[in-house]
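Predicted structure and sequence below. I'll ask about it afterward.
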Amino acid sequence: MSHSNSKNNAPNRNTRLWIPTLLLFGVFLWLAVNFPHESLWYDETVNAYLASSSWSTIWDWSRNIDNQMPLHFWLLKLWVAAMGQSEFSLRLFSAFGAWLAAAGIYALGKRVTGKMIGGVLALVILAGSGSFLYAAGEVRTYALALALLILSCLLLWELCVGRIRWKLLGAYLVVTLLMVYAHYTAWLGVAAQGIFVGVRLLQNRGRGFKPAVLIPAGLALGFAPWLIALAGRDFNAGTAFYGEVSWRTAFEAYTGFAAFGQKILDDPARQMAWGMVATAGIAALVWVIGKKKGAYRLEGFVLAVALVVVPLAGLIFSVNQIEGKLSGRHAWVMWPAIALILAGGLSQIYDWLPMRVWKGCVLVGLMLGLGILARLGGTLEDEYSGDFRQAFEILQREADPNDILILQDGTLFTAAEYYDAPIPYTGIPRDKITDVSHEVAFFEAVDSLALILTPQTEHIWVLAWQGNTMDPTMLAFALPEYLSDGQRRVWMGPTVPDVYNEVTLVEYQISAGKESLFDHIVGYPGILRVQPDGPALLGFEVYTSFDERAEHATETEMETDFCSVMVHTWWWRGDTDYPATMMSISLIDDEETRIAQRDQPLAGYTFGQEKWTPYVPTLGRVELQFPCSRLVRGEEYDVWLAVYDLNGEKETQTYLLKTFSPPH
């Protein structure tokens with residue numbers, strides 16, 4: 001009768017080599033299959049721009065402009081110097097970081113579960129998640145941060161569970177400092193590691209106290225120069241709207257991102273994310289039960305759970321109680337930890353099953369689960385996108401040297417620089433980073449345009465992407481609409497403020513002999529007033545544009561023809577604000593059939609009367625878009641304005657703005 005022992009069951013040396021080799025080759029193929037080919041979106045253009053900028057520009061950006069740690073910018077600059085700055089090259093850096101993270105999670109999974117199968121499962125689960133593919137394909141810091149986090153945990157594990165070595169302590173401090181210089185939420189990972197160290201101290205009755213003291217001291221010393229560099233800066237100024245995010249919304253955002261990456265979650269996806277949470281909870285319970293039976297110590301469980309609970313709790317508390325700046329990717333610290341917890345539970349089940357066929361069922365079930373996750377994730381819309389590459393290809397192909405470009409808003413300068421804008425540009429407003437407390441006013445917008453507008457300018461192009469945060473009244477579009485009498489070609493995207501995620505590119509042909517817009521507004525006769533002491537409508541402009549798809553645009557650039565009516569209403573603030581006042585713009589045919597209508601507050605939904613500056617013109621822009629087939633050539637159409645009280649407490653005032661006929 002044969003007897004087995006742990007040595008006989010342990011994988012031999014060849015197995016220990018070919019399994020991780022095969023797995024990492026599989027990850028390489030997985031990354032290659034899922035390598036992104038679309039344009040960089042806005043946040044990626046920031047990193048791409050800085051990678052080709054000077055060291056001083058990177059320093060100024062990280063220190064004075066944005067709340068971003070500088071390590072990724074520095075390393076990407078070195079990478080670009082050797083590999084070039086193409087989209088492929090930039091993304092390859094992230095893919096390499098993700099591949100290193102996969103190698104690290106295999107090694108860490110083996111250690112925290114005490115089994116090779118634990119490393120295998122951890123690698124498969126992490127690589128199969130949407131967040132891993134997001135990090136691997138995004139020209140941002142997350143793949144680098146994941147690799148550093150996992151390496152930091154590996155070094156800490158060897159430091160705490162094995163024999164204390166001072167070189168190992170030094171390596172841990174260096175890697176962990178690199179991690180916190182990669183992303184500011186890495187400190188949540190450090191806090192989770194602190195819990196792990198504390199539990200180890202309790203288990204060992206204080207043995208290892210000296211390294212436990214030196215770790216925070218070393219990290220504080222290494223991070224102090226950065227704190228000194230940032231002294232006096234308000235990190236929260238203008239970065240997010242005041243308010244709070246509910247605990248449930250935040251929880252679903254962070255866990256949903258871990259499962260699917262940067263996607264807009266629908267109800268099935270949210271249910272799947274909750275299912276992942278429940279599965280992780282069951283896996284954690286199974287892991288604890290297995291450890292209590294003496295299979296291995298509980299250190300790995302403590303580390304994995306701390307790396308989930310601390311970031312999740314810390315971020316939820318932050319967006320609920322401190323500042324409502326919600327972004328699912330900020331919880332990147334917990335992505336590998338979720339894989340470790342699931343691997344810990346599944347590896348216990350795998351060990352308990354007596355037959356290889358049942359063990360195989362565990363692996364098949366895992367692959368099916370990841371397949372369902374990937375299939376569902378593939379049906380979800382990207383939360384952020386935008387084809388800047390195509391927009392600048394159009395500009396390089398179609399723009400004349402005397403043309404100018406308006407960016408709505410100035411933050412898009414990183415895209416203009418990376419994709420090499422062929423014409424002069426300005427921002428409305430000109431801010432380099434989004435400031436939610438800055439809403440561009442009339443004279444500021446006029447002055448920004450005047451910086452590049454010359455007598456030789458014949459065309460103004462407008463490039464927009466989510467620009468209505470700082471330009472809520474759409475002045476970036478209104479100014480060229482006035483100068484062109486609304487004659488435009490829409491090359492890409494929507495021109496209304498409701499659409500959040502598409503790049504817009506519009507070309508305007510300037511009309512000759514236009515007086516200054518302010519002088520034109522001052523000459524308005526005055527149309528109506530909301531109560532004797534309320535806001536006054538000084539005057540208006542109505543522009544019509546037909547068959548707006550650019551003649552030379554490709555089918556992907558603009559898929560359908562459409563017509564537009566653009567209405568500019570110019571208001572004076574009154575002595576009293578009437579926040580319930582709305583205006584409605586309607587397009588009506590001669591049979592009084594309504595073709596299109598839009599209702600909104602006088603200056604839009606995010607620019608209430610309390611924000612208007614007295615004695616400064618305030619724009620209320622409304623655009624009606626509709627298929628040109630709705631219009632019949634030769635018939636007349638009326639554009640009507642109605643100003644009314646949302647609560648029905650004041651009399652509605654109506655005004656015929658314009659009557660027009662479609663061109664023959």
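Thanks, I have it.

So this protein: which segments form each domain?
Following automatic domain parsing, the chain resolves into domains at 86-230+240-378, 388-660.

Now the shortest one: average pLDDT?
By that I understand domain 388-660. In this model, domain 388-660 carries a mean pLDDT of 91.

Out of the domains of the chain, the one nearest residue 28 is which?
Closest approach to residue 28 among these (CB to CB): domain 86-230+240-378, 6.4 Å. For the C-beta atoms, the positions are set from N, CA and C on the backbone; glycine is no exception.

Work out the gap between that closest one and the centre of the chain.
With CA atoms, centre = their mean, to the nearest Å as the basis, domain 86-230+240-378 stands 21 Å off its chain's centre.

Ok, stretch 534-547 next?
Centroid separation for stretch 534-547 versus its chain: 34 Å, with CA atoms, centre = their mean.

so where do the strands sit in the chain?
Counting by DSSP state E, one finds strands in the chain at the ranges 404-408, 425-427, 459-464, 488-492, 504-509, 528-529, 536-545, 563-572, 581-589, 594-601, 618-626, 637-645, 653-660.

okay if I get those as JSON lines plus distance to residue 135 and mean neighbour count?
Supplementary listing: these in JSON lines, determined by distance: least, CB to CB, whole Å; neighbours: other CB atoms under 10 Å:
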{"stretch": "strand 404-408", "distance to residue 135": "28", "mean neighbour count": "25"}
{"stretch": "strand 425-427", "distance to residue 135": "30", "mean neighbour count": "22"}
{"stretch": "strand 459-464", "distance to residue 135": "28", "mean neighbour count": "25"}
{"stretch": "strand 488-492", "distance to residue 135": "28", "mean neighbour count": "23"}
{"stretch": "strand 504-509", "distance to residue 135": "29", "mean neighbour count": "23"}
{"stretch": "strand 528-529", "distance to residue 135": "55", "mean neighbour count": "15"}
{"stretch": "strand 536-545", "distance to residue 135": "43", "mean neighbour count": "20"}
{"stretch": "strand 563-572", "distance to residue 135": "40", "mean neighbour count": "23"}
{"stretch": "strand 581-589", "distance to residue 135": "44", "mean neighbour count": "19"}
{"stretch": "strand 594-601", "distance to residue 135": "39", "mean neighbour count": "15"}
{"stretch": "strand 618-626", "distance to residue 135": "37", "mean neighbour count": "21"}
{"stretch": "strand 637-645", "distance to residue 135": "50", "mean neighbour count": "19"}
{"stretch": "strand 653-660", "distance to residue 135": "51", "mean neighbour count": "14"}
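
Tell me which of the ones you listed sits nearest to residue 254.
strand 459-464 (29.8 Å).

And that closest one, what does it pack against?
strand 404-408, helix 475-484, strand 504-509 (3 or more CB pairs under 8 Å, 6 or more residues apart in numbering; DSSP states H and E).

Extract the C-alpha trace of that strand and format it as PDB.
C-alpha atoms of strand 459-464 as PDB (Å, rounded to 0.1, in the frame of the first residue of the first chain):
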ATOM      1  CA  HIS A 459     -12.900  79.900 -40.800                       C
ATOM      2  CA  ILE A 460     -13.200  79.200 -37.100                       C
ATOM      3  CA  TRP A 461     -13.100  75.600 -35.900                       C
ATOM      4  CA  VAL A 462     -14.500  74.500 -32.500                       C
ATOM      5  CA  LEU A 463     -13.300  71.300 -30.800                       C
ATOM      6  CA  ALA A 464     -15.300  70.200 -27.800                       C
END
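
so how far is that strand from its chain's centroid?
In terms of CA atoms, centre = their mean, the centre of strand 459-464 is found 24 Å from the chain centre.

likewise stretch 510-519?
Between the centre of stretch 510-519 and the centre of its chain there are 38 Å (CA atoms, centre = their mean).

before we move on, what about stretch 62-72?
A distance of 17 Å separates the centroid of the chain from that of stretch 62-72, by CA atoms, centre = their mean.

Name the residues of stretch 462-480 that are buried.
Judged by neighbour count using 16 or more other CB atoms under 10 Å, the buried positions of stretch 462-480 are 462-468, 470-480.

re the thing from before, tell me which of the domains of the chain sits most buried.
Among the domains of the chain, domain 86-230+240-378 has the highest mean neighbour count (mean count of other CB atoms under 10 Å), at a mean of 19.

picking that back up, among the domains of the chain, which comes closest to residue 20?
Among these, domain 86-230+240-378 sits nearest to residue 20 (CB to CB), with 5.5 Å.

Just give me the residue right at the centre of the chain.
Among the residues of the chain, residue 384 comes closest to the average C-alpha position under CA atoms, centre = their mean, at 5.5 Å.

Would you confirm that that residue contacts residue 264?
No: counting by CB atoms under 8 Å, residue 384 stays clear of residue 264, with 9.5 Å between them.

coming back round to it: make JSON lines out of the strands of the chain and add distance to residue 102.
Rendered in JSON lines, the data for the strands of the chain read as follows (distance: least, CB to CB, whole Å):
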{"stretch": "strand 404-408", "distance to residue 102": "38"}
{"stretch": "strand 425-427", "distance to residue 102": "40"}
{"stretch": "strand 459-464", "distance to residue 102": "37"}
{"stretch": "strand 488-492", "distance to residue 102": "37"}
{"stretch": "strand 504-509", "distance to residue 102": "38"}
{"stretch": "strand 528-529", "distance to residue 102": "65"}
{"stretch": "strand 536-545", "distance to residue 102": "52"}
{"stretch": "strand 563-572", "distance to residue 102": "50"}
{"stretch": "strand 581-589", "distance to residue 102": "54"}
{"stretch": "strand 594-601", "distance to residue 102": "49"}
{"stretch": "strand 618-626", "distance to residue 102": "46"}
{"stretch": "strand 637-645", "distance to residue 102": "59"}
{"stretch": "strand 653-660", "distance to residue 102": "61"}
